[in-house]
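Asks: okay, here's the prediction I keep looking at, along with the sequence it came from:
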Amino acid sequence: MIAALAKANRLAGKPPLTVVFSVLILMIIVLAAIFAPLVAPYDPNVQNLLGRLKSPGTLIRATHFLFGSDELGRDTLSRLIYGARVSLLVAFASVVLSGIAGCIFGMLAAFYRGWVETVIMRLVDIVLSVPAILLAIITVATLGPGLQNVILVLALTRWPRYARVAYAQTLIITNMSYLRLSRAMGAGWLRVLRYHVLPNIAGALVVVATLEFGLMVLFEAGLSFLGLGVQPPTASWGAMLSVGRNYVANAWWLSVMPGLALFLLVLSVNVLGDFLRDRLDPRSA
């Protein structure tokens, strides 16, 4: 019955239920992060030593720890909400920066060809030959931890993904007759790339950006887990996981809650990315 319903929705042009639920989860996380001061029940950095390592649902002196408390008596739910701000900010900023850089370099390499293409694409191959997380760890360790450095490092390590897609898509478009006609009529390279190339490759780049968003969330959490991301006392899901591993035996919620939040966010983004890829790919029609 579920398969029949999914098939009917697909034929009717409606998104599957998994996509609908993913969008709802993503909207809840985004809205909670934006309105964190209004949604969070307590200040995420206020310590309550009498309420250390309390299990979910505990009430201590008018403080209700709905998701439990950490080793300093801070409310886990409040820190999860504020930690979503860090994860979404890092992911969004790094995706935008890497997307812009990769799109520009990819289009220039395909449009000019020659030595420009050789230099840019060999640089892309060099960056892609190094594991992204290893390159990010080395760079952050050199520049130092911090929110700005994490965003910069992730943007520098992920732009080749966009460059390859933009390069391949631009190569196809540059061979089309309308683009050659536009060049013959005297249109400059900037106008051609802006009005003729970019609108035609935007769909593929959006799909890449959607899939990269979830990966950026995981990278930020991994760097924070290693102590190279956002520094305490700022709430971060990766840092919460790092602390929670020391209390798995008697305070499981410290690692389960941020891990579940990461799982839901990344899963929602990936499901949405797969849906957009299928919808924007003409071969899947």
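Replies: Nice, I can see it. Numbering: from 1, shown residues only.
Asks: burial count for residue 90?
Replies: 25 (other CB atoms under 10 Å). C-beta coordinates here come from the backbone N, C-alpha and C atoms, glycine included.
Asks: next one: residue 177
Replies: The tally of other residues near residue 177 (other CB under 10 Å) stands at 7.
Asks: gap between it and residue 89?
Replies: Separation of residue 177 from residue 89 (CB to CB, to the nearest Å): 44 Å.
Asks: skipping adjacent residues, who's closest to residue 238 in space?
Replies: residue 224 (3.0 Å; CB to CB, 6 or more residues apart in numbering).
Asks: swap that for residue 121, please
Replies: Leaving aside its sequence neighbours, residue 121 sits nearest to residue 109 (CB to CB, 6+ apart; 5.6 Å).
Asks: now whichever strand or helix holds the one you found: buried residues?
Replies: Using DSSP states H and E, residue 109 falls within helix 76-112. Residues of helix 76-112 classed as buried by neighbour count (16 or more other CB atoms under 10 Å): 76-95, 97-99, 101-111.
Asks: what is the mean pLDDT for the helix or strand just after that helix?
Replies: Using DSSP H and E, the next helix or strand after helix 76-112 towards the C-terminus is helix 114-129. Throughout helix 114-129, pLDDT has a mean value of 88.
Asks: I'd like to know which elements helix 114-129 is packed against.
Replies: If contacts are counted by 3 or more CB pairs under 8 Å, 6 or more residues apart in numbering; DSSP states H and E, helix 114-129 sits against helix 76-112, helix 147-174.
Asks: how does it look with 10 Å?
Replies: Counting contacts by 3 or more CB pairs under 10 Å, 6 or more residues apart in numbering; DSSP states H and E, helix 114-129 is packed against helix 76-112, helix 132-143, helix 147-174.
Asks: give me the below-cutoff pLDDT ranges for the stretch 101-250 of the chain.
Replies: Residue ranges of the stretch 101-250 of the chain with pLDDT under 70: 178-191, 195.
Asks: can we see that at 90?
Replies: The model of the stretch 101-250 of the chain has pLDDT under 90 over residues 104, 107-118, 121, 125-158, 166-212, 214-215, 217-250.
Asks: secondary structure element for the most centrally placed residue in the chain?
Replies: By CA atoms, centre = their mean, the chain has its centre lying nearest to residue 213, at 2.2 Å. Using DSSP H and E, residue 213 falls within helix 198-225.
Asks: what angle sits between the helix or strand following that helix and helix 76-112?
Replies: Using DSSP H and E, the helix or strand that follows helix 198-225 in sequence is helix 237-244. Inter-element angle recorded for helix 237-244 and helix 76-112: 130 degrees (by axes from the mean of the first three to the mean of the last three CA atoms, to 10 degrees).
Asks: next helix or strand past helix 237-244?
Replies: By DSSP H and E, the next helix or strand past helix 237-244 is helix 253-280.
Asks: what is the mean pLDDT for that next one?
Replies: 87.
Asks: just the angle between that helix and helix 76-112, please?
Replies: Here the directions of helix 253-280 and helix 76-112 differ by 30 degrees (the same axes, to 10 degrees).
Asks: coming back round to it: wouldn't the residue nearest to residue 121 be in contact with residue 103 here?
Replies: No. Counting by CB atoms under 10 Å, residue 109 stays clear of residue 103, with 11.0 Å between them.
Asks: tell me the contacts of residue 266?
Replies: Applying CB atoms under 10 Å, 6 or more residues apart in numbering to residue 266 gives the contacts 87, 91, 213-218, 221.
Asks: how far away is residue 170 from residue 209?
Replies: As judged by CB to CB, residue 170 and residue 209 stand 17 Å apart.
Asks: and residue 44, how many neighbours?
Replies: Using other CB under 10 Å, the number of residues around residue 44 comes to 22.
Asks: next, residue 42: phi, psi?
Replies: Dihedral angles of residue 42 (phi, psi; degrees, to the nearest 10) stand at phi -140, psi 170.
Asks: which outside residues touch stretch 126-143?
Replies: Under CB under 10 Å, 6+ apart, the answer for stretch 126-143 is 146, 149-150, 152-154, 156-161, 163-164, 215, 218-220, 222-223, 226-229.
Asks: apply 6 Å and report the result again.
Replies: If you take CB atoms under 6 Å, 6 or more residues apart in numbering as the criterion, stretch 126-143 is touched by 149, 153, 157, 160, 223, 228.
Asks: right, and the helices and strands packed on helix 114-129 - which one's nearest residue 42?
Replies: Nearest to residue 42, of all these, is helix 76-112, at 4.8 Å by CB to CB.
Asks: fine by me, thanks again.
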